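Trainee: Pasting the sequence and the predicted model now:
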Amino acid sequence: MTGHGPFDSEQGERARQTVMRLLAATGGAAGDFAGEVLAGRRRPHELLAHGPLLDEFVRDAQGWWKLVDALPAEERQRLAAEAWPSLERQVGELATLDVDDEVAELEELAALAQGAPAPSQRTRDDDEDDDWSGRSYLEPL
């Protein structure tokens with residue numbers, strides 16, 4: 001361990017903001033909480049004190065714990081040795097991710113899952129007639 005957290009830098013803060021934007025786009029209790037963080041009304045560490053999310057987190061953690069326990073000892077040791085470098089790499093990837101397209105896709109999926117009409121597709125600056133691959137050859141462009 002390097003003695004500092006992976007989010008204790010400018011890159012880490014960009015990664016945190018990316019994660020919160022992605023989470024907010026999913027809707028539900030976690031998405032609502034992330035929206036509150038993005039709006040500045042909550043702090044990310046408060047997530048573990050938020051009842052509905054805490055319960056979900058504990059259930060998920062127990063499931064992961066069982067999966068890891070089922071692995072052979074050598075595999076667990078290898079994963080433990082690679083955990084910190086892997087986390088730092090993932091934080092770096094999140095910090096540089098262009099998240100706008102992913103947020104739009106998650107918002108559509110969340111709307112579909114909740115039975116609401118999906119948000120309209122973002123408009124394109126270029127001519128949409130070039131998107132012919134999914135059209136019948138008889139359909140006018």
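Mentor: Thanks, I have it. Numbers count the residues shown, from 1 in each chain.
Trainee: Backbone torsions only: list them for the residue nearest to residue 13 when sequence neighbours are not counted.
Mentor: Of all residues not flanking residue 13 in the chain, residue 7 sits nearest, at 6.6 Å (CB to CB, 6 or more residues apart in numbering). For the C-beta atoms, the positions are set from N, CA and C on the backbone; glycine is no exception. Main-chain dihedrals, residue 7, degrees, to the nearest 10: phi -100, psi 10.
Trainee: just residue 41 next, same as before
Mentor: Torsion angles at residue 41 (phi, psi; degrees, to the nearest 10) stand at phi -90, psi -20.
Trainee: how many other residues sit next to it?
Mentor: Neighbourhood size, residue 41 [other CB atoms under 10 Å]: 10.
Trainee: Now do it against residue 55, distance only.
Mentor: Note on residue 41: its distance to residue 55, by CB to CB, to the nearest Å, is 22 Å.
Trainee: give the contact list for the residue most central in space within the chain.
Mentor: With distances taken as CA atoms, centre = their mean, the residue of the chain nearest its centroid is residue 22 (4.3 Å). By CB atoms under 8 Å, 6 or more residues apart in numbering, the contact set of residue 22 is 99, 102-103, 106.
Trainee: rerun at 6 Å
Mentor: By CB atoms under 6 Å, 6 or more residues apart in numbering, the contact set of residue 22 is empty.
Trainee: in the host helix or strand of it, what's buried?
Mentor: Using DSSP states H and E, residue 22 sits within helix 10-25. Residues of helix 10-25 classed as buried: 11-12, 14-25 (neighbour count, 16 or more other CB atoms under 10 Å).
Trainee: next helix or strand past it?
Mentor: The helix or strand immediately downstream of helix 10-25 is helix 28-38, counting by DSSP H and E.
Trainee: and the angle for the helix or strand just after that following helix with helix 28-38?
Mentor: With elements assigned by DSSP H and E, the helix or strand that comes after helix 28-38 is helix 51-69. Per axes from the mean of the first three to the mean of the last three CA atoms, to 10 degrees, the angle that helix 51-69 makes with helix 28-38 is 110 degrees.
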